[in-house]
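**Student:** here is a sequence together with a model predicted from it:
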Amino acid sequence: MMNIKDKIEEIKQKPEHVRIRYAWGLSFFCTLIIVIIWLITLVAQKDTTDDSLPMPNQEILDEFQEQKTEIEETGDNIKKTFEGNNKKTLEDNQPLPNQKTDNVPLEEEGFGGLIEN
C-alpha cells in the first residue's frame, strides 16, 4: 500500500501538465464533496424548519386588527377636525351683516398681500 507522502513525491516527479491535471481533479473532487454536504444540510434544514415555525396566535392577530382599526379611526377624526376648523375659519372671516368692509385689509390667498375693498 502506498503512503500519501510517497504518492506526493511520485506526482512531483511527473511533468507539469500531469501535475496540473491532478490539481484540477483534486479541486473538482473537493468541490463536489462540499456541494454534496451543502445539499444534504439544506434538505435536512428544510425538513426541520417546516415543522418548527410557530403559527401566529389568533389573539395577536386580533390585537393587530384592533390597532389597525383604531389608527384608521384616529386618522379619520384628525381629518374631520381639520375640515371643521377650515370651515370655521372661513366662516369667521366673513363680514357681519351690519359691518362695513370699506378699506378693510384682506389677505390675498397664497400671496399674503393686502387688498382693499
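**Tutor:** Yep, that arrived. Everything numeric in this text was worked out from a predicted model, so none of it was measured.
**Student:** only C-alpha atoms for contact and neighbour calcs from this point on.
**Tutor:** Will do.
**Student:** distance check, residue 71 against residue 78.
**Tutor:** Per C-alpha to C-alpha, to the nearest Å, residue 71 is found 11 Å from residue 78.
**Student:** model confidence over the lengthiest helix in the chain, on average?
**Tutor:** The single longest helix within the chain, with elements called by DSSP state H, is helix 16-52. Here helix 16-52 scores 88 as its mean pLDDT.
**Student:** got the domain boundaries for the chain?
**Tutor:** Split into domains by automatic domain parsing, the chain comes to 1-53, 55-88.
**Student:** pull the residues that contact stretch 68-87.
**Tutor:** Applying C-alpha atoms under 8 Å, 6 or more residues apart in numbering, stretch 68-87 turns out to have no external contacts.
**Student:** and for stretch 5-18?
**Tutor:** residue 19.
**Student:** C-alpha coordinates for it, PDB please?
**Tutor:** Extracted as PDB, the C-alpha positions of stretch 5-18 are listed here (Å, rounded to 0.1, in the frame of the first residue of the first chain):
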ATOM      1  CA  LYS A   5       4.000  11.100   1.100                       C
ATOM      2  CA  ASP A   6       5.200   8.600  -1.500                       C
ATOM      3  CA  LYS A   7       2.300   9.500  -3.700                       C
ATOM      4  CA  ILE A   8       3.100  13.200  -3.400                       C
ATOM      5  CA  GLU A   9       6.700  12.500  -4.300                       C
ATOM      6  CA  GLU A  10       5.600  10.500  -7.300                       C
ATOM      7  CA  ILE A  11       3.400  13.300  -8.500                       C
ATOM      8  CA  LYS A  12       6.200  15.800  -8.100                       C
ATOM      9  CA  GLN A  13       8.400  13.800 -10.500                       C
ATOM     10  CA  LYS A  14       5.700  13.900 -13.200                       C
ATOM     11  CA  PRO A  15       5.600  16.600 -15.900                       C
ATOM     12  CA  GLU A  16       3.900  19.900 -15.200                       C
ATOM     13  CA  HIS A  17       0.800  19.200 -17.400                       C
ATOM     14  CA  VAL A  18       0.200  16.000 -15.400                       C
END
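**Student:** re the thing from before, what's the first helix or strand after the longest helix of the chain?
**Tutor:** Next helix or strand after helix 16-52 toward the C-terminus (DSSP states H and E): helix 58-92.
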